[in-house]
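> Sharing a model that was predicted from the sequence below.
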Amino acid sequence: MIGIDIGGANLKIVDDAGVHIHYCPLWQGAPLAGLLEPYAGSAAVVMSGELADCFSTKIEGIRWIVGTVREAIPDAAFYGTDAAFHTRPVPGLAAANWLASADYLREEYADAVLLDVGSTTADVIPLTRFEDLKGLTDTRRLQKQYLVYTGMLRTNVATLLSSVTLDGTVTPVSTEYFAASADAHLVLGHIAPADYTCPAPDNGEKTVDAALRRLARVVCADIDEIGKSGAHQVARQFWEVQRRVIGRAVGRALFQGDAERVITAGIGADLFARELGCATLAQEIGEVSDALPAYAVREVALRRAACD
């Protein structure tokens with residue numbers, strides 16, 4: 001059996017050979033069926049790609065994803081926010097990937113909050129309250145701060161910053177998509193160029209120098225106007241806000257969930273483990289933590305099959 005997590009931007013697959021991550025922007029007509037064809041056998045699937053704006057409604061996206069997957073892998077079952085598997089497109093399949101992760105981890109980490117920081121979002125999941133998590137939509141998770149819409153790669157820097165301080169002067173930012181969180185994390189040394197897996201905002205190079213140029217544009221400047229130090233200031237202030245926003249959500253989940261510890265997963269696992277003084281899930285389960293929902297839904301399906 002393979003595990004599949006279909007996001008709006010990335011397709012993550014876990015099989016016996018390991019983890020496979022494909023850039024798959026659904027809103028640009030990415031060939032999902034073609035990417036799935038090499039993977040044979042039965043599959044357990046979660047999704048969040050139904051929210052891509054190429055679909056007019058989430059149920060339209062669910063129907064398309066289910067149909068496309070089943071064309072390539074007829075023996076596929078889809079995990080929903082009711083913590084059950086389905087073979088037909090139903091509304092509860094929307095954004096159930098985080099719940100699959102919780103379902104897999106809830107027994108061994110029953111005293112913990114899971115922080116899964118991906119390219120686009122951060123999931124903050126109190127594993128102490130699994131039954132209360134069932135049925136939550138993304139809207140409800142946003143309201144509860146279980147879903148924080150900022151990630152390591154694809155966040156527009158201007159969504160978290162309204163202004164920056166450059167050499168002591170408060171400077172409003174442009175709201176154009178000039179720089180992404182990947183640019184900030186690259187220049188700060190939080191990620192390597194190889195980790196910058198999404199297109200750059202200008203479709204340009206994914207080097208430190210190119211990232212600095214993009215960060216300068218956030219304040220409508222060229223690099224020779226504010227210097228590399230000015231662009232670094234933009235990156236650092238973005239990171240300070242992002243760290244604070246995610247950290248606040250984690251603290252709230254710890255308190256409300258009566259949890260005792262945090263474990264981290266995703267591309268931001270190491271960074272946030274250092275910030276929060278906690279362990280990463282990779283230390284426990286290895287590289288599959290980089291594609292946690294895909295691995296988790298596979299393991300949940302295998303567990304249930306073993307119990308039948």
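Looks like it came in fine.

> switch to C-alpha atoms for all contacts and neighbour counts from now on
Will do.

> Mind listing what's buried along stretch 265-275?
By neighbour count with 16 or more other C-alpha atoms under 10 Å, stretch 265-275 contains the buried residues A265, G266, I267, G268, A269, D270, L271, F272, A273.

> Equivalent analysis for stretch 163-175, please.
Burial within stretch 163-175, assessed by neighbour count using 16+ other C-alpha under 10 Å, is assigned to S163, V164, L166, V173, S174.

> cool, and stretch 296-308?
Residues of stretch 296-308 classed as buried: A296, V297, R298, E299, V300, A301 (neighbour count, 16+ other C-alpha under 10 Å).

> The fourth one: what's its closest spatial neighbour, skipping adjacent residues?
Read it as E299. Among residues not flanking E299 along the chain, Y104 sits closest, at 6.8 Å (C-alpha to C-alpha, 6 or more residues apart in numbering).

> Need phi/psi at the one you found.
Backbone torsions for Y104, taken as degrees, to the nearest 10, come to phi -70, psi -40.

> Would you confirm that it contacts V297?
Yes: using C-alpha atoms under 8 Å, Y104 is in contact with V297, at 7.4 Å.

> for V187, what are its contacts?
Contacts for V187 (C-alpha atoms under 8 Å, 6 or more residues apart in numbering) come out as V208, A211, L212, H232, A235.

> How about A279?
With contact set as C-alpha under 8 Å, 6+ apart, A279 has these partners: V262, I263, T264, A273.

> Drop anything exposed from the residues you listed.
The neighbour count (16+ other C-alpha under 10 Å) marks V262, I263, T264, A273 as buried among these.

> what pLDDT does the first one get?
It stands for V262. In this model, V262 is scored at 97, pLDDT.

> Spatially nearest residue to D167 (excluding sequence neighbours)?
Excluding the flanking residues, the one nearest D167 by C-alpha to C-alpha, 6+ apart is G230, at 7.7 Å.

> For burial, what's the neighbour tally of the one you found?
When neighbours are defined as other C-alpha atoms under 10 Å, G230 has 22 of them.

> so it makes contact with R214?
No: G230 lies out of contact with R214 (C-alpha under 8 Å); the separation is 11.7 Å.

> Assess the claim that A102 and F130 are in contact.
Yes: the pair A102 / F130 is scored as a contact, 7.0 Å apart, by C-alpha under 8 Å.

> what does stretch 257-265 contact?
For stretch 257-265, the external contacting residues (C-alpha under 8 Å, 6+ apart) are 111-117, 126-129, 253-254, 270, 272-273, 276, 278-282, 289-290, 292.
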